[in-house]
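Q: A predicted structure for the sequence below; I have some questions about it.
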Amino acid sequence: MTRTDLDALVIGAGVTGLTTAICLAEAGLRVTIWAAEPPERTTSYAAGAMWGPYLVQPVERVRAWSAKTLDVLRRLATDPTTGVRLVAGIEASRTPAPPPPWGAQLDGFRMCEPSELPHGFATGWRYTAPLVDMPIYLGYLRQRLAAVGGQIVIRRLSTLDETIGVAPMIVNCAGMGARDLVPDLDLTPVRGQLVVVENPGITEFFSEDTGLSPDLLHIYPQGETLVLGGTAQPGEWSREPDLETAAAILGRCAEVEPRLRGVRVIEHRVGLRPTRPHVRVEEQRLGAARMIHNYGHSGAGLTLSWGCAFEVADPQESSSRRDQ
């Protein structure tokens, strides 16, 4: 493959890589993705996933990226084939806590009355937000990319130097793979485990504001199933489900929602959130090519995906970025 065959090569087929490739291809570029694993093996596939800019920096850029993504997800929610729906529910805290700064962006956002909260919770807020069935959504993104001529090639890289000469633009959306490819030792995994169960009739989401705790609690309805979470275990690399962890997730969720006691488990999911002090969306040179990094989104990959992809695809914005 020579440079004249492609305008852009994207590394990685998670939600960030797929979204970035779509934005480039829909702008008229000839795009291919090289990925170590197909979309269904990525951390994105294992995600819950609900829009929410949690615990990611830098604040100003995250605010802009997440707002742009929210606009896109709202539009996609009008098409049931995308896997995106607008779902109402409650996020709550067991201690007094201020509402999140991004709450005003969401439909129906308001503080909860004490009677609306589960036992043991001190405060909470109600809103409607995009909830995404990631297996369906990744399939939608894959089809959308194919419709504009993009393709995914399974190819595991040892170094980014292997991409030299392939295209004049290289976009690194490798997620945790960027730790070795760049290399970037600031990038570390935060392990997330979820349990997918049969839905006993729950239609609204519930999420606990657990702060920095490794033990998360969320209940996300996806039609006939529920996605229950979860964990946030820094430095853990295992992608194998742990049954004790799964039992603890089920127990936490059943304390809040008694209908979950004894539900049938359908699937276990594990992913490694690619986490660094700041999301990295910036440009440098790789040989004669423009290398644009787009990784380190932690647990907010979905939330930031379209905003980051728009920035990569916009020549004016991307030409002003330089390696820091």
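A: Structure received. Numbering: from 1, shown residues only.
Q: all helices for the stretch 1-150 of the chain, in order.
A: Secondary structure of the stretch 1-150 of the chain by DSSP state H, counting those that start in this stretch: the helices cover 15-26, 43-46, 59-76, 134-147.
Q: mean pLDDT and mean neighbour count for these - can I get that in CSV?
A: For every residue, glycine as well, the C-beta is placed using N, CA and C. As requested, the helices of the stretch 1-150 of the chain are arranged in CSV below (pLDDT from 0 to 100; neighbours: other C-beta atoms under 10 Å):
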stretch, mean pLDDT, mean neighbour count
helix 15-26, 98, 27
helix 43-46, 97, 26
helix 59-76, 97, 18
helix 134-147, 98, 19
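Q: any chance of those helices in JSON lines, plus distance to residue 105?
A: Listed next are the helices of the stretch 1-150 of the chain as JSON lines, based on distance: least, C-beta to C-beta, whole Å:
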{"stretch": "helix 15-26", "distance to residue 105": "20"}
{"stretch": "helix 43-46", "distance to residue 105": "23"}
{"stretch": "helix 59-76", "distance to residue 105": "6"}
{"stretch": "helix 134-147", "distance to residue 105": "20"}
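Q: so for residue 188, which of those helices sits nearest?
A: Nearest to residue 188 among the helices of the stretch 1-150 of the chain is helix 43-46 (13.4 Å), distances taken as C-beta to C-beta.
Q: quick one: low-confidence ranges for this structure?
A: When residues are selected by pLDDT under 70, those of the chain lie in 1-4, 315-324.
Q: on that earlier part again, so which of the helices of the stretch 1-150 of the chain gets nearest residue 213?
A: Comparing these against residue 213 with C-beta to C-beta, the closest turns out to be helix 43-46 (19.6 Å).
Q: mind checking how far the closest one is from the chain centre?
A: In this view, helix 43-46 has its centroid 8 Å away from the chain centroid, taken as C-alpha atoms, centre = their mean, to the nearest Å.
Q: residue 85 touches residue 77, doesn't it?
A: Yes: Residue 85 lies in contact with residue 77 (C-beta atoms under 8 Å); the separation is 5.6 Å.
Q: can you check which residues contact both of the two?
A: residue 130 (C-beta atoms under 8 Å, 6 or more residues apart in numbering).
Q: I figured residue 240 hits residue 269, correct?
A: No: proximity of residue 240 to residue 269 does not meet the contact threshold set by C-beta under 8 Å, at 11.3 Å.
Q: more neighbours: these two, which one.
A: Neighbour count, other C-beta atoms under 10 Å: between residue 240 and residue 269, residue 269 has more, with 21 against 7.
Q: find the helix or strand that that one is a member of.
A: Under the assignment given by DSSP states H and E, the secondary-structure element containing residue 269 is strand 265-286.
Q: that strand packs against which elements?
A: Helices and strands in packing contact with strand 265-286 are listed as helix 43-46, helix 59-76, helix 178-181, strand 188-198, helix 243-256, strand 289-297, helix 301-313; criterion 3 or more C-beta pairs under 8 Å, 6 or more residues apart in numbering; DSSP states H and E.
Q: distance of the closest residue to residue 296 other than its chain neighbours from residue 206?
A: The spatial neighbour of residue 296 that comes closest, neighbours along the chain excluded (C-beta to C-beta, 6 or more residues apart in numbering), is residue 276 at 4.0 Å. Residue 276 is 30 Å from residue 206, where distance means C-beta to C-beta, to the nearest Å.
Q: how about the helices and strands packed on strand 265-286, which one is nearest residue 138?
A: In this view, these are compared for proximity to residue 138 by C-beta to C-beta, and helix 43-46 is the closest at 6.0 Å.
Q: neighbouring contacts of that closest one?
A: 14-16, 39, 134-135, 138, 175-176, 192, 194, 269-274, 301-302.
Q: residue contacts, residue 303?
A: Taking C-beta under 8 Å, 6+ apart as the test, what residue 303 contacts is 51-54, 65-66, 69-70, 297.
Q: of all these, which two lie farthest apart?
A: In those, the most distant members under the criterion C-beta to C-beta are 70 and 297, with 15.0 Å between them.
Q: so what's residue 64 up against?
A: Contacts for residue 64 were tallied using C-beta under 8 Å, 6+ apart; they are residue 307.
Q: so which of the helices of the stretch 1-150 of the chain gets nearest residue 249?
A: Taking C-beta to C-beta as the criterion, helix 43-46 is the member of the helices of the stretch 1-150 of the chain that comes nearest to residue 249, at 13.3 Å.
Q: pull the CA atoms of that closest one into PDB?
A: Output in PDB follows, covering the C-alpha atoms of helix 43-46 (Å, rounded to 0.1, in the frame of the first residue of the first chain):
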ATOM      1  CA  THR A  43     -13.100  -1.700  25.700                       C
ATOM      2  CA  SER A  44     -15.900   0.300  23.900                       C
ATOM      3  CA  TYR A  45     -17.900  -2.900  23.400                       C
ATOM      4  CA  ALA A  46     -17.800  -3.600  27.200                       C
END
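Q: all strands for the stretch 101-250 of the chain, in order.
A: Using DSSP state E, counting those that start in this stretch, the strands assigned to the stretch 101-250 of the chain run over residues 107-111, 123-132, 151-154, 169-172, 188-198, 205-208, 215-222, 225-231, 233-234.
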